[in-house]
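J.: Quick one, structure for this:
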Amino acid sequence: MTLDAQTPAGLPASGRTKPARGARVSGIDRAIQILDYLRHTECPTSAYAIAKAVKAPLSTVYAIIDDLVDKHLLQRKGDGSLWLGPRLYHYGLAYARSLDFLDVATHEMQELCRAVEETVQVCGRDDDHMVVMAMADGPGHFRVISRVGTRVPLNWTASGRLLAGHLSDDERLALFRQAARNSPTGHAETNPAALSDASAAALKERLSIQISESDFSVACVASPICDPSGACVATMSIVLPEHKVVQARARYADAVQAAAARVETILGWR
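T.: Residues are numbered from 1 along each chain as shown. Have a look, this model is predicted:
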């Protein structure tokens, strides 16, 4: 799920056509910019803020927004703010059903969840963020904050480092210079060179572990799911209390590596 770098306005460049200098931006390009902006901000936003972010005339944005609302691609909240519409959810479901990869990965995720009795996630990369693509809750009382669709900076997570591991040295370094952010706990590495080295090493070992970097007392044990070219397209990740990793690191490492490898084998990638 790797997307292109962000535009100066903070919008993901995915799906955005780059018109020639001086060319008019089409209505569909503007619509995609609006949808991308809302997905990026992850909260309802005013039409004025959207117009300012996409650098479009307010009258143009109002007309496109009204059309998207009429077609249920956007919804207008009680306070007038705009958010993604229910029609997009149905498109997403149809797309997800078409992905053999996600079907296989979700099945193995659920099997791993039953085996280790902990929360398991399948994660992918969205530009300079990691995104949770699928999730199975463990049977215990331990619950994680992140849910399907959650996006966090790559340097906060074990999965984030794996997802960049196949890039060239220069690409990894450039990515982490852009992506590195201070985490809520203050424990996440932010040095781009250190992150780049750790990313390459983790992919080579097929294992990445982080403890209390994004949330206090929460650990993550992740293994890459790589396509035939060796690119890490997703990760299998166990999220659990940090004391369990300290006590039984090998158990969780072996389990998550085996699950990720099964996905690759079933898809014919290894």
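J.: element containing the closest residue to Glu242 other than its chain neighbours, please.
T.: Closest residue in space to Glu242, ignoring its immediate chain neighbours: Ala219 at 4.1 Å, by Cβ to Cβ, 6 or more residues apart in numbering. Just so you know, the C-beta spots here come from the backbone N, C-alpha and C atoms, and that holds for glycine as well. According to DSSP states H and E, Ala219 maps onto strand 218-226.
J.: That strand packs against which elements?
T.: helix 158-164, strand 208-211, strand 232-241, helix 242-247, helix 249-266 (3 or more Cβ pairs under 8 Å, 6 or more residues apart in numbering; DSSP states H and E).
J.: Just give the strands next to it in its sheet, each with its orientation.
T.: strand 208-211 (antiparallel), strand 232-241 (antiparallel) (DSSP bridges).
J.: picking up where we left off before, most tightly packed of the helices and strands packed on strand 218-226?
T.: Of all these, helix 158-164 has the most neighbours on average by mean count of other Cβ atoms under 10 Å, namely a mean of 31.
J.: So which elements touch the very next helix or strand once past that helix?
T.: As assigned by DSSP H and E, the chain's next helix or strand after helix 158-164 is helix 169-179. Contacts defined by 3+ Cβ pairs under 8 Å, 6+ apart place helix 169-179 against helix 158-164, helix 192-205.
J.: quick one: contacts of the lowest-mean-pLDDT helix or strand in the chain?
T.: Sorting the helices and strands of the chain by mean pLDDT, DSSP states H and E puts helix 86-97 at the bottom, at a mean of 81. The contact list for helix 86-97, computed with Cβ atoms under 8 Å, 6 or more residues apart in numbering, reads Leu35, Lys71, His72, Leu73, Gln75, Leu102, Asp103.
J.: give me phi/psi at the second one?
T.: It refers to Lys71. phi -90, psi 10 (degrees, to the nearest 10).
J.: burial count for it?
T.: 11 (other Cβ atoms under 10 Å).
J.: Identify the residue nearest it in space, chain neighbours excluded?
T.: Arg87 is the one closest to Lys71 (Cβ to Cβ, 6+ apart), at 6.7 Å.
J.: quick one on the thing from earlier: possible to save the strands paired with strand 218-226 as TSV with mean pLDDT and distance to Phe142?
T.: Shown next, in TSV, are the strands paired with strand 218-226 (pLDDT from 0 to 100; distance: least, Cβ to Cβ, whole Å):
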stretch	mean pLDDT	distance to Phe142
strand 208-211	94	15
strand 232-241	95	6
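J.: Backbone torsions only: list them for Ala147.
T.: No, residue 147 isn't Ala; it's Arg. Here Arg147 shows phi and psi, under degrees, to the nearest 10, equal to phi -130, psi 180.
J.: ok so, going back, distance to Asp66 added to the helices and strands packed on strand 218-226, as TSV?
T.: Listed next are the helices and strands packed on strand 218-226 as TSV, based on distance: least, Cβ to Cβ, whole Å:
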stretch	distance to Asp66
helix 158-164	38
strand 208-211	45
strand 232-241	37
helix 242-247	49
helix 249-266	44
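J.: any idea how far stretch 175-194 is from the chain center?
T.: What separates the centre of stretch 175-194 from the centre of its chain is 16 Å, taken as Cα atoms, centre = their mean, to the nearest Å.
J.: pLDDT (mean, whole number) over that stretch?
T.: Stretch 175-194 shows a mean pLDDT of 91.
J.: And the strands in the stretch 1-150 of the chain?
T.: Ranges of strands in the stretch 1-150 of the chain, per DSSP state E, counting those that start in this stretch, are 74-76, 82-84, 119-126, 129-136.
J.: Where does the prediction get shaky in this structure?
T.: 1-24, 96-99, 141, 143 (pLDDT under 70).
J.: Domain parsing of it, as residue ranges.
T.: 1-97, 99-266 (automatic domain parsing).
J.: Which among the contacts of helix 86-97 count as buried?
T.: Leu35, Leu73, Gln75, Leu102 (16 or more other Cβ atoms under 10 Å).
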